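A.B. asks: below is the structure, and that's it, no one-letter string:
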C-alpha cells in the first residue's frame, strides 16, 4: 500500500507556471507507475499525465501536451507536475495517483489516490 500527499497548488494568473509535488510513503515508490488526474467543478474527473516506474515513459492528455511535464525522483519518493502557460480551463483539483500497472494509471483506474490540491487560474 502507498500513501500520497499532494502539495503546490494555489491561485495563479493565466500564463503563469506552477509545480505540483506528490510525496509517497509506504511500499517501494519505484514499484508504482504514477499519474495526475484533475476534476473541475461540475465536470468529470480527467486524466492529465502518467509516468512509468523508472520514468522512461510518459503520457499526456492532449489538452496539456506541450505545457505540462510529469517527472519523478525515486530517491525522494516524489512525483512532480510542472505546469506552464496555465489557462483558466486548467482550474481544477489535481490528484496524484499510483498503481503497479502503467496502463491502469493511464486509463483512469489506479488503486491509490491522494487527497487533491486545488489549482485556480484566473484570467
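C.D. replies: Happy to help now that I have it. Note that the structure is a prediction, hence the values are computed from the model and not measured.

A.B. asks: can you give me the helices in the protein?
C.D. replies: 102-107 (DSSP state H).

A.B. asks: worst mean pLDDT across the helices and strands of it, which element?
C.D. replies: Lowest mean confidence among the helices and strands of the chain (mean pLDDT, DSSP states H and E): helix 102-107, at a mean of 90.

A.B. asks: so which elements touch that one?
C.D. replies: Where contact means 3 or more CB pairs under 8 Å, 6 or more residues apart in numbering; DSSP states H and E, helix 102-107 is packed against strand 33-39, strand 46-51, strand 92-99. Yep, even glycine has a C-beta here, placed from its N, CA and C like the rest.

A.B. asks: let's see it at 7 Å
C.D. replies: For helix 102-107, the elements it packs on are strand 33-39, strand 46-51, judged by 3 or more CB pairs under 7 Å, 6 or more residues apart in numbering; DSSP states H and E.

A.B. asks: and of those strands, who's closest to residue 78?
C.D. replies: Residue 78 sits nearest to strand 33-39 of all these, at 9.4 Å, using CB to CB.
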